[in-house]
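Colleague: quick one, fold the following:
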Amino acid sequence: MDQIAQMFSKIKNAANAGKKETKVSYSKLSLAVLEILKKENFIESFAEIKDANKKYPAGITVKLKYKNKDEATFQNLRKVSTPGKRVYLKASRINQIFRGKTVIVSTSQGLMSGADARKKGLGGELIGEVV
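Modeller: Numbers count the residues shown, from 1 in each chain. Prediction:
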């Protein structure tokens with residue numbers, strides 16, 4: 001299964017269950033996506049789970065953010081571009097297609113939100129969307 005899609009599923013399921021935090025597998029791509037979600041105020045925080053015996057962290061703990069006691073700050077996390085079907089957009093098309101949604105775009109300057117990519121005039125692969 002795609003690693004980002006799996007991470008989105010774990011976060012969504014934890015939010016639907018009303019949990020305060022969840023654990024996801026570690027990767028640099030996951031860290032970059034979580035950084036965007038934190039910057040856009042969809043999650044509260046995240047931290048690497050250190051393991052003294054291993055070179056890389058064992059995983060990432062994600063603290064979820066809620067509007068009310070049981071309502072998450074997002075309604076849905078969705079992976080748009082999949083390994084079987086890649087979706088690419090020009091900078092001018094990002095806001096036209098995804099109005100009112102936060103999108104995560106992989107550009108030549110790294111991962112960034114759709115609004116940041118549009119400001120910088122960068123297009124790229126559409127990783128996911130948050131509603």
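Colleague: which ones are touching the residue nearest to residue 100 when sequence neighbours are not counted?
Modeller: Closest residue to residue 100 apart from its sequence neighbours, by Cβ to Cβ, 6 or more residues apart in numbering: residue 131 at 7.8 Å. From N, CA and C alone the C-beta is placed, and that goes for glycine too. Counting by Cβ atoms under 8 Å, 6 or more residues apart in numbering, residue 131 makes contact with 74-76, 78, 100-102.
Colleague: among those residues, name the ones in strands.
Modeller: If you go by DSSP state E, the contacts of residue 131 have 78, 102 in strands.
Colleague: tell me which of the contacts of residue 131 is nearest to residue 25?
Modeller: Residue 25 lies nearest to residue 78 out of the contacts of residue 131, by Cβ to Cβ, at 19.0 Å.
Colleague: how close does the closest one sit to residue 58?
Modeller: According to Cβ to Cβ, to the nearest Å, residue 78 and residue 58 sit 27 Å apart.
Colleague: how about residue 82?
Modeller: 27 Å.
Colleague: over to residue 7?
Modeller: Going from residue 7 to residue 58 by Cβ to Cβ gives 15 Å.
Colleague: which residues does the closest residue to residue 90 other than its chain neighbours contact?
Modeller: By the measure of Cβ to Cβ, 6+ apart, the closest residue to residue 90 outside its immediate chain neighbours is residue 123, 4.2 Å from it. Going by Cβ under 8 Å, 6+ apart, residue 123 touches 88-94, 105, 107, 117.
Colleague: same check, this time on residue 30
Modeller: Residues near residue 30 by Cβ under 8 Å, 6+ apart: 3-4, 7, 24, 60.
Colleague: write the PyMOL selection for whichever of those are buried.
Modeller: Those of those that count as buried under 16 or more other Cβ atoms under 10 Å are selected in PyMOL with:
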select buried, resi 4+7+24+60
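Colleague: can you point out the buried residues in the helix or strand residue 63 falls within?
Modeller: Element membership for residue 63, per DSSP states H and E: strand 59-64. Neighbour counts over strand 59-64 (16+ other Cβ under 10 Å) mark 59-60, 62, 64 as buried.
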